[in-house]
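*Asks:* I would like the atomic coordinates for the input below:
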Amino acid sequence: MLVGYARVSTGDQDTRLQRDALLAAGVERIVHEKGSGVGPRPELHRAVEALQPGDVLVVWKIDRLARSSRHLWDVVDQVKARGAGFRSLTEPIDTSSPMGEFVLQILGAVAQLERALIHERCEAGRVAARARGVVFGRRPLVVGEHSQACARLYRAGFTIKEISMMFDVSYSGVRAALVRERVTFRPRFLRF
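*Replies:* Numbering: from 1, shown residues only. Got it, this is the predicted structure:
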């Protein structure tokens, strides 16, 4: 039996295009789902669990099924474990044939290479930005004269909590300023 899976990301979208393509391909049962590809997908889980040996899970496009190549492999492995196959109508993927398996492996390898290249380019961009003096992360809450004032107050015996109330800044903001000012912290005593 051919089991179709159709998914849209938001509630105002419609699965009509996917459903029509699946019906034209001879799909007998279609499972619909509305929701992000990132969150849980109970209908997909139920559809995979209901597959019998010889069944084929059919999707319009693989991006309707999986959010990443790793997730695609996980779903396809679950389908295979049930003795079923997987087919995409718009990509040349049909795991019931050796050529479909081969295409799936190539697409997975290409996706993995693409992720690695994107990661490499992003890291090169970050290195170049740091070399130009770009500072990443959240800007400090306490800087300049205020940072030095916090250090003087702490050295004079005030607690971080008291200083944070004076400057109307969070405890962690004052503590970060003290770290930047290279203040030696007093030991904290345990209260019983």
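*Asks:* Low-confidence stretches in the chain?
*Replies:* 11-12, 36-38, 108, 111, 189-192 (pLDDT under 70).
*Asks:* mind listing the helices for it?
*Replies:* 16-24, 42-50, 69-81, 98-131, 144-155, 160-167, 171-180 (DSSP state H).
*Asks:* For E43, list the residues it contacts.
*Replies:* Y5, R7, V31, H32, E33 (CB atoms under 8 Å, 6 or more residues apart in numbering). No exception for glycine: its C-beta is placed from N, CA and C like everyone else's.
*Asks:* mind checking which of the helices of the chain is nearest V59?
*Replies:* helix 16-24 (7.9 Å; CB to CB).
*Asks:* so what's Y154 up against?
*Replies:* For Y154, the contacting residues are I160, I163, L178, V183, by CB under 8 Å, 6+ apart.
*Asks:* One more pass at 10 Å, please.
*Replies:* For Y154, the contact set (CB atoms under 10 Å, 6 or more residues apart in numbering) comprises I160, E162, I163, V174, R175, A177, L178, E181, V183, T184, F185, R186.
*Asks:* Which residue ranges make up the domains of this structure?
*Replies:* Dividing the chain into domains by automatic domain parsing, as the record does, gives the ranges 2-110, 137-192.
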